[in-house]
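Visitor: Next one to model:
(one chain, ligands or ions: 2)
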Amino acid sequence: MTIERAGVIGCGLMGSGIAEVLARAGLSVVVRDISDEAVAAGRKRIEKSFAKGVERGKMTEQERDEALGRLTFTTELSAMADRQLVIEAASENEDIKKKIFAELDAIVTDEQAILASNTSSMPIIRFAQATSRPERVLGLHFFNPAPVQPLVEIISSVVTAPEVADQIETFSTQVLGKTPIRSDDRPGFIVNALLIPFLFSAIRMLESGHASKEDIDTGMVNGCAHPMGPIKLADMVGLDTCLFVGQSIYDETGDPAAKPPVLLSRMVDGGLLGAKTGKGFYDW
Ligand code: CAA
Ligand code: NAD
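Guide: Numbering: from 1, shown residues only. Ligands and ions are numbered 1, 2, ... in the order given. Here you go, the predicted structure:
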């Protein structure tokens, strides 16, 4: 089966980036979020990114217009009925995601369709078990910003059919031009199992008065050649997402390094979510 029709659930930071990647790769893409406001914000984010892509010489104006023409935005989940690949990129909440998988299972008609989650940390098997086709469910984890970062993690649950993961690996490389790596269905997979304890260490360093956010970030950029420091990166990922991801890894592993710092919880409670709300550790 050649994948030509894709769907994306959630049009936030990641859903909009993933939809952009799919549309630029030539697929027809239906993007669904829960409100007109969220859909409009997602569309705006994609248009802004396309404009940057043209400005940076990554695509022509004609390619931009064609890619935009392949995107459809909706609040109706029923628009996913004829999709061959649906990537769930809704908020990092297990109940929301399980409900989406159960609903997709009832809506998506093609028995060969693949249902994927962009979850940062949660067990893929739990989403697979919410469907009647668990062997066709897997993790396909993109990195932020999705149009720029080359990596995808492919996560097979204990019941994912090997040919489904193989097909997605080929699709990721040949159609999306991404670099795939494979992970077992473990909390945080490969990258977030390493990254979240690092980000939380940096936040604890700030919280304890050990160093300023600027010096922590400058240290990792200029001392270790990271493209951005950990405090700024947490802001870019979204402080709510960092909190949910850490909590989910901590709940399953009990690893104290993944336990969300109190300062992070307080900031999320205060609506300081980072770049997406304009205020986090930094003003954006
Ligand atoms: N479309 C196409 N290309 C684009 C683009 C767009 N909208 N925007 C930027 N680019 C290209 C640029 O042209 C440039 O390409 P070249 O190097 O070929 O010139 C490249 O992308 C970098 O762009 P910029 O110069 O604008 O950006 P920058 O150099 O300031 O880098 C950054 C910005 C990519 C965000 C960089 O700071 C970075 O990589 N930061 C770290 C990001 C990171 O760690 N992400 C992972 C987060 S964790 C995660 O995602 C997992 C999770 O589950 C939480
Ligand atoms: P976000 O908060 O920017 O966007 C989440 C979107 O999901 C919102 O627009 C929200 O309205 C929508 N949503 C909630 N319930 C929905 C439903 N039932 N149907 C459709 N849409 C729904 O979050 P994000 O950063 O885009 O994260 C989305 C997913 O991607 C999470 O699982 C997250 O862990 C993962 N992820 C995030 C990053 C990152 O750096 N932010 C990177 C990789 C993966």
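Visitor: residues contacting Ala51?
Guide: Contacts for Ala51 were tallied using C-beta atoms under 8 Å, 6 or more residues apart in numbering; they are Arg64. In this view, the C-beta of every residue, glycine as well, is placed from N, C-alpha and C.
Visitor: For it, which three-state class applies?
Guide: For Ala51, the reduced secondary structure class is helix; criterion used: DSSP: H, G, I helix; E, B strand; the rest coil.
Visitor: Compute the distance between it and ligand 2, please.
Guide: With distances defined as C-beta to the nearest ligand atom, to the nearest Å, the gap from Ala51 to ligand 2 amounts to 20 Å.
Visitor: ok, whichever residue of the chain sits closest to ligand 2 - how many residues close by?
Guide: Nearest to ligand 2 in the chain, going by C-beta to the nearest ligand atom, is Gly12, at a distance of 1.8 Å. Counted by other C-beta atoms under 10 Å, the residues lying close to Gly12 total 18.
Visitor: How about the one 10 residues further on?
Guide: Neighbouring residues of Leu22 were enumerated by other C-beta under 10 Å; the total is 26.
Visitor: For Glu37, see how far away the residue of the chain closest to ligand 2 is.
Guide: Here the criterion is C-beta to C-beta, to the nearest Å. By it, Gly12 lies 12 Å from Glu37.
Visitor: Buried ones in the strand or helix carrying Ser172, by neighbour count?
Guide: Assessed by DSSP states H and E, Ser172 sits inside helix 162-174. Of the residues in helix 162-174, those buried by neighbour count under the rule 16 or more other C-beta atoms under 10 Å are 164-165, 167-169, 171-172.
Visitor: what's in contact with the helix or strand that that helix is followed by?
Guide: Tracing the chain past helix 162-174, the next element assigned as helix or strand by DSSP H and E is strand 179-183. Judged by C-beta under 8 Å, 6+ apart, the contacts made with strand 179-183 from elsewhere in the structure are 139, 150-156, 165, 168-169, 172-173, 189-190.
Visitor: In the stretch 151-284 of the chain, where is pLDDT below threshold?
Guide: Judged by pLDDT under 70, the stretch 151-284 of the chain has no weakly predicted residues.
Visitor: Up against ligand 2, what does it have?
Guide: By the rule C-beta under 6 Å from any ligand atom, the part of the stretch 151-284 of the chain lying against ligand 2 is 237-238, 241, 245, 276.
Visitor: In helices, which of the residues you listed appear?
Guide: When those are checked against helices (DSSP state H), the matches are 237, 241, 245.
Visitor: count of residues packed around the last one?
Guide: Number of residues near Val245 (other C-beta under 10 Å) recorded here: 25.
Visitor: Repeat that for the second one.
Guide: Other residues lying near Thr241 total 22 when counted by other C-beta under 10 Å.
Visitor: check contacts around it.
Guide: Contacts of Thr241 by C-beta under 8 Å, 6+ apart are 92, 120.
Visitor: Report the separation between it and Glu153.
Guide: Here the distance between Thr241 and Glu153 works out to 16 Å (C-beta to C-beta).
Visitor: Ser78 touches Val108, doesn't it?
Guide: No - when contacts are counted by C-beta atoms under 8 Å, Ser78 is not listed as touching Val108 (10.2 Å).
Visitor: Looking at those two, which one has more neighbours?
Guide: Neighbour totals were compared for Ser78 and Val108, and Val108 leads with 23 against 10 (other C-beta under 10 Å).
Visitor: you'd agree the more buried one is up against Leu85?
Guide: No - here Val108 does not reach Leu85: they are 9.7 Å apart, not a contact under C-beta under 8 Å.
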